[in-house]
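Colleague: sequence and predicted structure are below.
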Amino acid sequence: MKNFKIIEEKLNEFFINDKKIDIIKNSIIKLKQKREYLECQIKELKINFDISIKGSSISGMPIASINTTSYFEKDIIKQVDKSQELLNNINIEIIQLENDLLMLQMKNETFYRIINMLNSNSIKLLTYKYKENLSEIEIAYKLNMSIPNYHRKKRQVLDTISKMLIFYENVEWM
């Protein structure tokens, strides 16, 4: 019975991590879209800046002297710098999220392999119980079985996972 408690804790952690993995993946996608948009904005800002400077000269001679910068030029440079800083922060955040994602995937790797080896009813049972947190009655109803059959099936699945964990990780249970 002690083994089952440990396995149930590990299954809860697995499904929590699985949710976190999905959240992190979505966050990375959104940040990459934001980065792409920002890169386009920076490119447009630089293009507009170059065109404005070239267009503001008379017969090839710049309006301002070499040592001075117009307010417009300073504003554009400030905007580009801020955008570049934001872009750098986004890149750092993406890297951190990708590292977190990798760590969670590595943590869940053994359970991914084990769960994928189970039959579909066993996977459904685990999903209903540990991911969706349904009650015994709801799970038994969804799986079209009685409560005693549900308990028997759950024990069988947990026992199978226990044996597979020992095989995959050589885990010593306390």
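Modeller: Structure received.
Colleague: quick one, strands of the protein?
Modeller: Ranges of strands in the chain, per DSSP state E: none exist.
Colleague: what about it, any weak spots by pLDDT?
Modeller: 1-2, 46-69, 169-174 (pLDDT under 70).
Colleague: nearest to the spatial middle of it, which residue is it?
Modeller: I24 (1.7 Å; Cα atoms, centre = their mean).
Colleague: which residues touch that one?
Modeller: L97, D100, L101, L104 (Cβ atoms under 8 Å, 6 or more residues apart in numbering). Where you see a C-beta, it was placed from the backbone N, CA and C, and this is true even at glycine.
Colleague: and those residues, which two are the farthest apart?
Modeller: The largest separation in the contacts of I24, counting by Cβ to Cβ, is between L97 and L104 at 10.5 Å.
Colleague: run the chain-centre distance for stretch 14-28.
Modeller: 5 Å (Cα atoms, centre = their mean, to the nearest Å).
Colleague: no, scratch that, I was asking about stretch 10-25
Modeller: The answer for stretch 10-25 is 10 Å, by Cα atoms, centre = their mean.
Colleague: send me it as PDB with only the CA atoms.
Modeller: Presented in PDB, the C-alpha positions along stretch 10-25 are these (Å, rounded to 0.1, in the frame of the first residue of the first chain):
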ATOM      1  CA  LYS A  10       4.400  10.700  -8.600                       C
ATOM      2  CA  LEU A  11       1.400  10.500 -10.900                       C
ATOM      3  CA  ASN A  12       0.000  13.700  -9.400                       C
ATOM      4  CA  GLU A  13       3.400  15.300  -9.900                       C
ATOM      5  CA  PHE A  14       3.600  14.000 -13.500                       C
ATOM      6  CA  PHE A  15       0.200  15.400 -14.500                       C
ATOM      7  CA  ILE A  16       0.900  18.700 -12.800                       C
ATOM      8  CA  ASN A  17       4.200  18.900 -14.600                       C
ATOM      9  CA  ASP A  18       2.400  18.000 -17.800                       C
ATOM     10  CA  LYS A  19       0.100  21.000 -17.400                       C
ATOM     11  CA  LYS A  20       3.100  23.200 -16.700                       C
ATOM     12  CA  ILE A  21       4.700  21.900 -19.900                       C
ATOM     13  CA  ASP A  22       1.700  22.900 -21.900                       C
ATOM     14  CA  ILE A  23       1.600  26.400 -20.300                       C
ATOM     15  CA  ILE A  24       5.300  26.900 -20.900                       C
ATOM     16  CA  LYS A  25       5.000  25.800 -24.500                       C
END
